[in-house]
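Undergrad: coordinates only, sequence not included:
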């Protein structure tokens with residue numbers, strides 16, 4: 001196998017891993033915040049987002065597994081820190097508006113991370129399947145932003 005082909009495969013795996021981590025983080029955040037949501041419409045919107053994150057994570061995981069790679073989530077410290085931060089934030093203010101703000105901030109982080117990845121890998125012509133998936137997740141994140149802004 002040529003060095004270029006190996007590099008492209010490594011890029012694809014890294015990119016898919018980052019998409020997996022991004023979507024699992026979004027999924028985990030919603031799971032942690034849903035118990036605090038009192039508004040039925042907001043709960044429904046967040047549940048749809050949860051379904052989307054889980055579907056994208058499953059697609060990335062499937063791709064990685066087909067390449068013989070075990071998908072990995074963010075490290076335990078990042079996950080625990082996020083969970084503690086959300087718990088503290090909802091303890092201080094559990095209004096729908098505040099939860100929507102937290103969701104918007106999370107989606108903005110996802111958009112930023114995906115955009116950085118796309119700016120790194122897309123110009124090189126590598127990670128084609130991952131680029132396609134990243135664009136889908138990016139659109140999904142942008143839609144989530146619009147939905148959550150209604151609840152601010």
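TA: Looks like it came in fine. Quantities reported herein were computed from a predicted structural model and do not represent experimental measurements.
Undergrad: make it CA atoms for all contacts and neighbour counts henceforth
TA: OK.
Undergrad: by contact count, what packs against the least confident helix or strand in the chain by mean pLDDT?
TA: Ranked by mean pLDDT, DSSP states H and E, the weakest helix or strand in the chain is helix 76-92, scoring a mean of 72. Applying 3 or more Cα pairs under 8 Å, 6 or more residues apart in numbering; DSSP states H and E, one finds that helix 76-92 contacts helix 3-33.
Undergrad: what does the least confident helix or strand of the chain rub up against?
TA: Around helix 76-92, the neighbours that count as contacts under Cα atoms under 8 Å, 6 or more residues apart in numbering are 25, 29, 32, 33, 36, 98, 99.
Undergrad: who's in contact with the second one?
TA: Neighbour list for residue 29: 82, 83, 86 [criterion: Cα under 8 Å, 6+ apart].
Undergrad: Going by neighbour count, which of the contacts of helix 76-92 are buried?
TA: 25, 29, 33, 98, 99 (16 or more other Cα atoms under 10 Å).
Undergrad: Which two among these are spaced furthest apart?
TA: Farthest pair in the buried ones among the contacts of helix 76-92 (Cα to Cα) is 25 and 98. Separation: 18.8 Å.
Undergrad: follow-up on the earlier one: any chance of the buried ones among the contacts of helix 76-92 in TSV, with distance to residue 107 and pLDDT too?
TA: Shown next, in TSV, are these (distance: Cα to Cα, whole Å; pLDDT from 0 to 100):
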residue	distance to residue 107	pLDDT
25	10	93
29	10	93
33	14	94
98	14	92
99	12	94
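Undergrad: Output these in CSV, with distance to residue 16 appended to each entry.
TA: As requested, the buried ones among the contacts of helix 76-92 are exported to CSV (distance: Cα to Cα, whole Å):
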residue, distance to residue 16
25, 14
29, 20
33, 26
98, 31
99, 29
